[in-house]
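> coords please:
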Amino acid sequence: MTKEKVKSLLDPSEQEIRLSFTNYKLLKRDEFNLTGSHIYFVKGCNEVGKTSILTALRAAMEMKDDTPQKVTLGETDGVCEFTIPGPDGKMYNVVYEFTDTTTKFVIFDEEGNKISKITDMRNIFKYNHVDATSFISWSRTAEGRRKQKEYILELLPAESYLQYKDLETKEGELFNQRTKANKDLDDAKLLLKNEELTSEEKEIQKNLKVAEEQLKKREVEFESLTKVDNKIQEVVNQMIQVEAKISRVNNDSLVYIQNIENLNKVSNSNIVEYENRIKELQTKIEVEKTSIQSNFNSIQLREKTVTDLIEPDTKILSQLKINKEALELEKGKGVDPEKLNKLSVSVETGRAYVNRAKTLTEKLVKFDGFKAKSDTLTEKVDNLTKEITELRTGKEKVILEGKFPVDNLSFDEEGYLTISGLRFDEHQTCESDTILIVAQLLCKMNITPIQILGDASLLDYNKLDKLYEIAEANGKIMFVDEIDRTLDKLVIVGYEKKNKDKEEKKSTKPLF
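Numbering: from 1, shown residues only. As a prediction, the model looks like this:
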């Protein structure tokens with residue numbers, strides 16, 4: 001763009017903007033000729049067509065109009081014709097014919113050349129619409145903040161923009177990695193918490209080796225003592241068996257002897273009878289004597305047999321008694337039932353303690369494993385955070401060197417646009433100041449001179465003067481709307497700074 005054309009843009013008194021509407025919504029037949037101001041207020045009460053003017057002007061620069069029911073009620077078609085400046089300093093005549101279902105745009109340049117290809121027409125104005133109200137409202141949602149960010153970043157030089165997007169892509173990748181690492185870390189911490197030993201459990205686990213040694217000593221002592229008792233019981237059982245055997249043999253012998261004695265009594269009785277019958281029974285006497293002698297010999301033989309039978313068992317019994325006395329003596333010296341019972345309880349308690357300590361040792365091994373994993377993940381998260389911080393610092397540097405129209409502009413971690421550390425939202429910046437900031441940004445976002453800013457009713461005269469200075473410094477002509485219930489018709493009013501000794505210039509609807 002030449003310096004002469006830039007100068008022309010900065011001086012709106014040299015340009016005349018013409019806006020003509022026929023059958024466009026509430027605008028039945030309206031025409032406005034504007035000159036001499038950088039700010040124009042579209043004023044009037046409700047439902048008179050203020051929004052329609054701004055919508056049609058936007059459509060003329062975007063080459064599209066999605067507004068439903070464009071045609072004035074009762075009509076079938078309409079046309080809008082605008083004479084407006086382009087980014088190259090030339091004036092263009094935009095003709096916009098429409099019905100409720102069709103649209104047709106055509107542009108004529110200063111030489112009268114016709115331009116009808118949509119792509120070529122859009123390349124003239126390169127208008128990307130967003131008004132101040134919409135831009136401010138984007139702060140309320142994550143998607144809106146992303147849109148804000150893209151608008152801002154497009155102000156950067158191509159190289160800086162690509163550099164920023166590259167840093168942002170890397171940051172996104174690292175952010176996703178950190179998110180996953182944090183999730184893994186949370187899982188590891190949960191497992192770590194489940195395996196963590198209490199103070200009591202740590203003490204038990206720490207005493208495992210000592211407890212195992214103590215248990216071993218007690219088990220040896222207990223085994224030694226119970227071994228003596230087992231031997232005593234074994235000898236007692238053997239004694240009982242031998243005594244039972246001796247008793248059986250003695251009983252058998254007594255029965256046998258008793259039988260012999262009974263026979264001897266019978267024999268003696270018979271002898272008496274036979275002596276009385278000596279003569280008759282002499283032979284029988286000799287027989288009976290022989291029988292008695294035989295029986296006597298049998299008794300002696302039986303006694304000797306019994307003696308021979310029980311003599312080994314008697315000796316064994318005698319030895320068992322000696323062994324029993326010795327064992328009882330040994331038991332009486334160091335072991336008593338109460339002590340043995342206490343030692344048994346102690347051994348069982350020791351075994352339970354050792355088993356628990358072993359279980360806690362296994363738990364500690366798991367804990368150490370999870371702890372190592374947790375430490376590794378923590379280090380990974382810290383490293384990722386450090387890398388992300390470095391990338392964000394790089395992004396801030398790119399923005400800082402981008403020479404934006406607003407100083408100290410940046411984006412925080414949640415994607416909020418920030419100005420001098422304040423979030424760009426209704427809670428941290430007042431709306432009137434925000435409108436001025438947006439105006440500066442929009443001047444850079446769009447190269448076309450016409451800028452539709454939106455509602456400016458919150459701006460006082462001081463803020464309006466600042467807005468005028470912004471438009472003047474950037475060669476912009478801004479359109480804003482304002483409700484004025486004192487007006488009975490639609491007007492477009494050119495604003496002048498109050499420090500200039502000039503009256504406001506108005507362009508109202510012509511009377512027909």
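> K476 - nearest residue in space that isn't next to it in sequence?
Excluding the flanking residues, the one nearest K476 by Cβ to Cβ, 6 or more residues apart in numbering is Q451, at 4.9 Å. To be clear about C-beta, it is placed using only N, CA and C from the backbone, and glycine gets the same treatment.
> Please tell me how far that neighbour sits from V438.
From Q451 over to V438 the distance is 10 Å, taken as Cβ to Cβ, to the nearest Å.
> May I have the beta-bridge partners of K114?
K114 has these beta-bridge partners by DSSP bridges: F108.
> Measure how buried the residue nearest to K476 is and give me the count.
Close neighbours of Q451, defined as other Cβ atoms under 10 Å, add up to 26.
> what do you get for R485?
R485 has 8 neighbours, counted by other Cβ under 10 Å.
> which ones are touching A357?
By Cβ atoms under 8 Å, 6 or more residues apart in numbering, the contact set of A357 is I204, Q205, N207, L208, A211.
> what does I260 give?
N295, S298, I299, R302.
> ok so, going back, how about the contacts of A357 in JSON lines, adding pLDDT?
JSON lines is the format used below for the contacts of A357 (pLDDT from 0 to 100):
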{"residue": "I204", "pLDDT": "83"}
{"residue": "Q205", "pLDDT": "82"}
{"residue": "N207", "pLDDT": "85"}
{"residue": "L208", "pLDDT": "82"}
{"residue": "A211", "pLDDT": "83"}
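> correct me, but G421 touches F411?
No - counting by Cβ atoms under 8 Å, G421 stays clear of F411, with 11.9 Å between them.
> Between those two, which is the more surrounded one?
The neighbour comparison of G421 against F411 (other Cβ under 10 Å) goes to F411, with 20 against 9.
> What does the pLDDT read for the more buried one?
F411 is assigned 79 on the pLDDT scale.
> Not counting sequence-adjacent ones, nearest residue to T378?
Closest residue in space to T378, ignoring its immediate chain neighbours: L185 at 6.3 Å, by Cβ to Cβ, 6+ apart.
> For that neighbour, pull up the helix or strand it's in.
Using DSSP states H and E, L185 sits in helix 158-195.
> ok, back up a step: could you list which of the contacts of I260 belong to helices?
Of the positions in the contacts of I260, N295, S298, I299, R302 sit in helices, assigned by DSSP state H.
> Quick check: the first one vs E110, distance?
Which is N295. N295 is 170 Å from E110, where distance means Cβ to Cβ.
> which one of these two has more residues nearby?
N295 (17 against 11).
> what sits against the more buried one?
Residues in contact with N295, defined by Cβ under 8 Å, 6+ apart, are I260, L263, N264, S267.
> PyMOL command for the buried members of these?
Burial among the contacts of N295 is assessed by 16 or more other Cβ atoms under 10 Å; the matching PyMOL selection reads:
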select buried, resi 260+267
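> got the contacts of N295 as CSV, with secondary structure columns?
Shown next, in CSV, are these (DSSP: H, G, I helix; E, B strand; the rest coil):
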residue, secondary structure
I260, helix
L263, helix
N264, helix
S267, helix
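> Pull the number of nearby residues for D382.
Other residues lying near D382 total 12 when counted by other Cβ under 10 Å.
> in which helix or strand would I find it?
Per DSSP H and E, D382 falls inside helix 337-400.
> which other helices and strands contact the next helix or strand after that helix?
Using DSSP H and E, the helix or strand that follows helix 337-400 towards the C-terminus is strand 409-411. Counting by 3 or more Cβ pairs under 8 Å, 6 or more residues apart in numbering; DSSP states H and E, the packing neighbours recorded for strand 409-411 are helix 142-153, helix 337-400, strand 417-419.
> got the contact list for strand 409-411?
Against strand 409-411 from outside (Cβ under 8 Å, 6+ apart): K149, I152, K395, E396, I399, L400, L417, T418, I419.
> Out of these, which one has the weakest pLDDT?
For those, the weakest pLDDT value sits at I419, with 75.
> ok, it to L156 distance?
Here I419 is placed at a distance of 17 Å from L156 (Cβ to Cβ).
> cool, and K193?
Distance from K193 to L156, by Cβ to Cβ: 47 Å.
> So between those two, which is more surrounded?
Applying other Cβ under 10 Å to K193 and L156 shows that L156 carries more neighbours, namely 19 against 10.
> wouldn't the more buried one be in contact with L400 here?
No - taking contacts as Cβ under 8 Å, L156 lies outside contact range of L400: 11.2 Å.
> Wait, Q205 touches T198, no?
No - using Cβ under 8 Å, Q205 is not in contact with T198; the gap is 10.3 Å.
> the more surrounded of these two?
Each of Q205 and T198 has its neighbours counted (other Cβ under 10 Å); Q205 has more, 19 against 9.
> residues contacting the nearest residue to the more buried one once chain neighbours are set aside?
Closest residue to Q205 apart from its sequence neighbours, by Cβ to Cβ, 6+ apart: L360 at 4.0 Å. L360 sits next to L197, E201, I204, Q205, L208 when contact means Cβ under 8 Å, 6+ apart.
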